[in-house]
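Enquirer: Give the three-dimensional model of this entry:
(one chain, ligands or ions: 1)
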Amino acid sequence: MSGISFVKGHGTQNDFVLVPDADGALAGRLDEAAVRRLADRYAGIGADGVIRVTRTETAAEVREQADDAEWFMDYRNADGSVAEMCGNGVRVMARYLWENSLADGPVLTLATRGGARTVHAEQDGQITVEMGRAKPAATRQLAFVCTAGRTWEAVPVRVPNPHAVVFVDDLDEAGSLTTQPDLRPAAAFPDSANIEFVADRGHKHIAMRVWERGVGETRSCGTGVCAAAWAAMRRDGAGAGSRYLVDVPGGRLVVTERPDGELLLTGPAVLGLRGTVVL
Ligand SMILES: N[C@@H](CCC[C@H](N)C(=O)O)C(=O)O
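Expert: Here you go, the predicted model:
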């Protein structure tokens, strides 16, 4: 049995196993079961998600992005399910490409299932991602999140993966978050959702806990931070160009909404452990 190389990284402690696979040779081997084994915190390496780093031209599902983006972030949640985007993962993958001389220049575009995303290396070492525009649910049907014996009205929004944002007075109201909160009605969330519990910390400053679809409670979620900031901006009537600080258990991220609606996510990306693992 041959081993594969991996790199471990995180963005505000949302952690990932990166599997370099430039020519796409591992596409078949890195199936749902293999992802679960790698992500397992007791029997594997342990991570919230697994990112196969491959050339866009090797992947039929995103090949139309190959003219804009040489590299594809093939992202999977810890349970092996695929997701459209990962705002923390895209920064970590950009850091990996830059540090390994697989990309040059401070601006880089990556392919994702949710469309091409451009990332910028900032002078202070942080990385900014152009996350696209948030898409609120098309219907006016009310949606709710229920957990810990409580029910809150939710704001359903895609970035472009599905999110349900809930405003709470205190983040502890969400309870232990050891099981997935209920999303009601289920029809309002046809692809399930990531769930953000959001509390105010000050002017244009919020804090968030998140239940990630396909993972569980994590210490950060970049798309979730964008969903939460976008919902807070709408609630607050904040104008174009607003900039919100978002504290998560794993650190701090900044979300800016450009006048054209594009959300910019700025935060750290860190690489750590490297090794070889037998799948
Ligand atoms: N942690 C990610 C989001 C990963 C995907 C999510 N769990 C989903 O299934 O949509 C982020 O930083 O955005």
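Enquirer: low-scoring pLDDT stretches of the stretch 101-250 of the chain, where are they?
Expert: Judged by pLDDT under 70, the stretch 101-250 of the chain has no weakly predicted residues.
Enquirer: I'd like to know which residues of it are adjacent to the ligand.
Expert: Asn161, Asn194, Glu212, Arg213, Gly214, Val215, Cys221, Gly222, Thr223 (CB under 6 Å from any ligand atom). Heads up, the C-betas are built off the backbone N, CA and C, glycines and all.
Enquirer: which ones are touching the fourth one?
Expert: With contacts taken as CB atoms under 8 Å, 6 or more residues apart in numbering, Arg213 has the following neighbours: Asn77, Ser81, Ala83, Asn161, Pro162, Ser192, Ala193, Asn194.
Enquirer: domain ranges for the protein?
Expert: Domains of the chain are assigned by automatic domain parsing as 3-123+269-278, 135-261.
Enquirer: Which of the residues of the stretch 101-250 of the chain next to the ligand fall within helices?
Expert: Gly222, Thr223 (DSSP state H).
Enquirer: Which pair in the residues of the stretch 101-250 of the chain next to the ligand has the greatest spatial separation?
Expert: The widest separation within those, taken as CB to CB, falls between Gly214 and Gly222 and amounts to 14.9 Å.
Enquirer: the more surrounded of those two?
Expert: Under the criterion of other CB atoms under 10 Å, the comparison of Gly214 against Gly222 puts Gly222 first, with 27 against 19.
Enquirer: my read: the more buried one touches Cys86, true?
Expert: Yes - applying CB atoms under 8 Å, one finds Gly222 in contact with Cys86, separated by 6.6 Å.
Enquirer: List the buried residues for stretch 196-207?
Expert: Neighbour-count burial for stretch 196-207, counted by 16 or more other CB atoms under 10 Å, picks out Glu196, Phe197, Val198, Ala199, Lys204, Ile206, Ala207.
Enquirer: could you dump those to a markdown table with secondary structure?
Expert: Converted to a markdown table, the buried residues of stretch 196-207 look like this (DSSP: H, G, I helix; E, B strand; the rest coil):
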| residue | secondary structure |
| --- | --- |
| Glu196 | strand |
| Phe197 | strand |
| Val198 | strand |
| Ala199 | strand |
| Lys204 | coil |
| Ile206 | strand |
| Ala207 | strand |
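Enquirer: what's the farthest-apart pair in those residues?
Expert: Checking these with CB to CB, the most distant pair is Phe197 and Lys204, at 18.5 Å.
Enquirer: Where do the strands of the stretch 151-279 of the chain begin and end?
Expert: Using DSSP state E, counting those that start in this stretch, the strands of the stretch 151-279 of the chain run over 162-167, 182-184, 194-202, 205-212, 216-218, 243-248, 251-257, 263-267, 270-278.
Enquirer: Pick the most deeply packed of those.
Expert: strand 162-167 (a mean of 26; mean count of other CB atoms under 10 Å).
Enquirer: wait, Cys221 sits on Met85?
Expert: No - using CB under 8 Å, Cys221 makes no contact with Met85, being 10.5 Å away.
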